[in-house]
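Asks: A predicted structure for the sequence below; I have some questions about it.
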Amino acid sequence: MEAILEVKNLSKKYENFTLNNISFSLPQGMIMGFIGENGSGKTTTIKAILNLIHKSSGEIEILGQSQDTHFDTVQKEIGVVLDDMFFPEILSAKEIDLIMKDTYETWDSTYFYKLLKEFSISPMQQIKTLSKGMRKKLEIITALAHHPKLLICDEPTNGLDPIARDEILRLFQEFIEDGTHSIFLSSHITSDLEHIADYITFIHQGQILLSKTRDEIMDKFAIAKCSENTWKQINQKDYLSYKKEKYFYEVLVEDKKAFQKKYNCEVLDTITLDELMLLMIKGDDLKC
Amino acid sequence: MLGLIKKDFLLLKNSSKSYLLVLLIYLFLGFIGEMDFSFILPFMSVLLMMMTFSYDTFNHWDSYVATFPKGRAGSVRAKYITTLILILLTSLITFFFQVILICIKKQPLELVLLLEKMLGTIFTTITILCISYPAIYKFGLEKARIGIFLVVFVLAFAVQALASAIDLNQILNGLAFFKNIWVPTLILLSLIILALSYFISLKVYSKKEL
């Protein structure tokens, strides 16, 4: 499948933080959830993709074009929702439409107003009078109304109530329905991504720990709960990390079936993204 | 880019309550002859443009707009064009207001003098803004504001000190040849300052990490 976004060996060095040689690829028509704790490098990666910061090394390809040489060309095909970055808040949705139709050749006022109506946002209301959820919806509607091929969102559901989050996630699903659009979505609300993401990329301290399809993670990864006796028999190669609890060991395994065949563990739970993050970050002996 | 110019004018329209009262007071003072009205409106355009930067900073507009088509270059270009439109607009309003005022007060109408005053004000306003913009793009509005204030203050002080230290008439007599060409010189100088400032801002902003 053709990649709409490809990041190869991207590095960005700051005094206190380094984005270290990260690579991943987002195929067309898919949603990639970019997860990681605060300060792990999610926003830095997004800023590097959007050319807001200058990368130290590496390559980024968007829609098959190099970001170094063709960013001006691909820029109009990208919709962007950034954390705390939007139009000045004394403007209204109607005024955003006036501005954007002279900014994007493909701006679709009819679609913009249709979405505003769908989400009950008054076109005349100033941004500052909107609730946090409404404002975020307006940011997303604005990013979608020029029909981009790639939507890049930094923490779009952060701080929103479950209903607002659900509405936004549904909008994302509609956006990728035709198979030609893609979304690169950073979040630390992993439950949202479990519902909509096709791919999960996990970043920690500026390094990619994992980039796989969601199904692969959900089907293959598991947490084995083992007694101390069983734990002592487990070969180090057969797990990714572990955590010692009071009466048992939690062991993160990459191949659930193979592990089950080989060892006699009492409980083998399907993993959630939260648990995966927690064990990979807080667990011992991480071997990625 | 037209969209970005519109954005700044919409910002000015929506925040007009905050400066219209000040403007009305100045208009009144100008009308009763307590204040030379000629420079008020163009100088207000400096404050208005700073206000647009202030809104931009507060909402991290700089980063957001850099993701638009034409990105950073379009954004800088739009700011300079908005500035020029605003200065010309306020200067024309001032000019016509002064003509009306002179007619009402039945004073002799010295059009050339009015135009010369207008040109001088435009030049000063452009110079102040052209010094400010590269600093704002480089350091952000908050840090740049102190620097801009200092530069303008030092310049004004230097001109004042120079004027009182030397015999101005002697200098003016010495520069008599300049009398006939000062209008095109000032226009040319304004354009040079504008172009220089624009290219510095563009360079600074395109290298900036947002």
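Replies: In hand now; what should we look at? Keep in mind the model is a prediction, meaning the values are calculated, not measured.
Asks: backbone phi and psi for A:Cys226, please?
Replies: Note on A:Cys226: its backbone torsions stand at phi -120, psi 150 [degrees, to the nearest 10].
Asks: neighbours around it, how many?
Replies: 22 (other C-beta atoms under 10 Å in any protein chain shown). No exception for glycine: its C-beta is placed from N, CA and C like everyone else's.
Asks: who's in contact with it?
Replies: Counting by C-beta atoms under 8 Å, 6 or more residues apart in numbering or on different chains, A:Cys226 touches A:Ile234, A:Phe248, A:Tyr249, A:Val251, A:Tyr263, A:Cys265, A:Glu266.
Asks: State the number of residues packed around the fifth one.
Replies: Read that as A:Tyr263. 19.
Asks: next one: the second one
Replies: Using other C-beta under 10 Å as the criterion, A:Phe248 is surrounded by 18 other residues.
Asks: Excluding covalently adjacent residues, which one is nearest to it?
Replies: A:Lys225 (5.0 Å; C-beta to C-beta, 6 or more residues apart in numbering or on different chains).
Asks: What residues are bridge-paired with that neighbour?
Replies: Beta-bridge pairing for A:Lys225 (DSSP bridges): A:Glu250, A:Val267.
Asks: buried ones in the helix or strand containing B:Tyr80?
Replies: In the assignment (DSSP states H and E), B:Tyr80 maps to helix B:71-104. Neighbour counts over helix B:71-104 (16 or more other C-beta atoms under 10 Å in any protein chain shown) mark B:71-72, B:74-84, B:86-87, B:90-91, B:94-95, B:97-98 as buried.
Asks: I'd like to check the angle between the following helix or strand past it and helix B:71-104, please.
Replies: Following helix B:71-104 in sequence order, the next helix or strand is helix B:111-139 (DSSP H and E). Counting by axes from the mean of the first three to the mean of the last three C-alpha atoms, to 10 degrees, helix B:111-139 lies at 150 degrees to helix B:71-104.
Asks: distance of the residue nearest the centre of chain B from chain A?
Replies: For chain B, the residue nearest the mean C-alpha position is B:Thr125 (3.0 Å; C-alpha atoms, centre = their mean). Computed as C-beta to the nearest C-beta, to the nearest Å, the B:Thr125 to chain A distance reads 23 Å.
Asks: Now that residue: closest residue in space that isn't a chain neighbour?
Replies: B:Pro42 (4.6 Å).
Asks: does that neighbour sit in a helix, a strand or a coil?
Replies: The three-state label given to B:Pro42 by DSSP: H, G, I helix; E, B strand; the rest coil is helix.
Asks: shouldn't it be in contact with B:Thr94?
Replies: Yes: look at B:Pro42 against B:Thr94 with C-beta atoms under 8 Å: they come within range, at 6.5 Å.
Asks: returning to what we had before: and the residue nearest to B:Thr125, what pLDDT?
Replies: Listed pLDDT for B:Pro42 reads 74.
Asks: ok, now which ones touch it?
Replies: Per C-beta under 8 Å, 6+ apart, neighbours of B:Pro42: B:Ile87, B:Thr90, B:Ser91, B:Thr94, B:Thr121, B:Ile122, B:Thr124, B:Thr125.
Asks: Same question for A:Ile183.
Replies: Taking C-beta under 8 Å, 6+ apart, we find A:Ile183 in contact with A:Met30, A:Ile31, A:Met32, A:Leu150, A:Leu151, A:Ile152, A:Cys153, A:Phe172, A:Phe175, A:Ile176.
Asks: Of those, which ones also sit close to chain B?
Replies: By C-beta under 8 Å from any C-beta of the partner chain, no member of the contacts of A:Ile183 lies near chain B.
Asks: follow-up on the earlier one: just the buried residues out of the contacts of A:Cys226, in PyMOL syntax.
Replies: PyMOL command restricting the contacts of A:Cys226 to the buried ones, with burial defined by 16+ other C-beta under 10 Å:
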select buried, chain A and resi 234+248+249+251+263+265
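Asks: out of the contacts of A:Cys226, who's nearest chain B?
Replies: A:Val251 (41.9 Å; C-beta to the nearest C-beta).
Asks: Get me the contact residues on chain B for chain A.
Replies: Contact residues, chain B versus chain A (C-beta under 8 Å from any C-beta): B:1-4, B:6-7, B:10-11, B:14-15, B:55-56, B:58-61, B:63-64, B:66-71, B:207, B:209-210.
Asks: Narrow those residues to those in helices?
Replies: B:2-4, B:6-7, B:10-11, B:14, B:55-56, B:58, B:61, B:63-64, B:71, B:207 (DSSP state H).
Asks: Could you work out the most separated pair of those residues?
Replies: Spatial extent of these (C-beta to C-beta) is set by the pair B:Asn14 and B:Lys207 at 31.9 Å.
Asks: Of those two, which one has the most company?
Replies: B:Asn14 (16 against 11).
Asks: Now the more buried one: closest residue in space, sequence neighbours ignored.
Replies: B:Asn14's closest residue in space is A:Ile90 (C-beta to C-beta, 6+ apart), at 4.6 Å.
Asks: Check the spacing between that neighbour and A:Leu169 real quick.
Replies: 30 Å (C-beta to C-beta, to the nearest Å).
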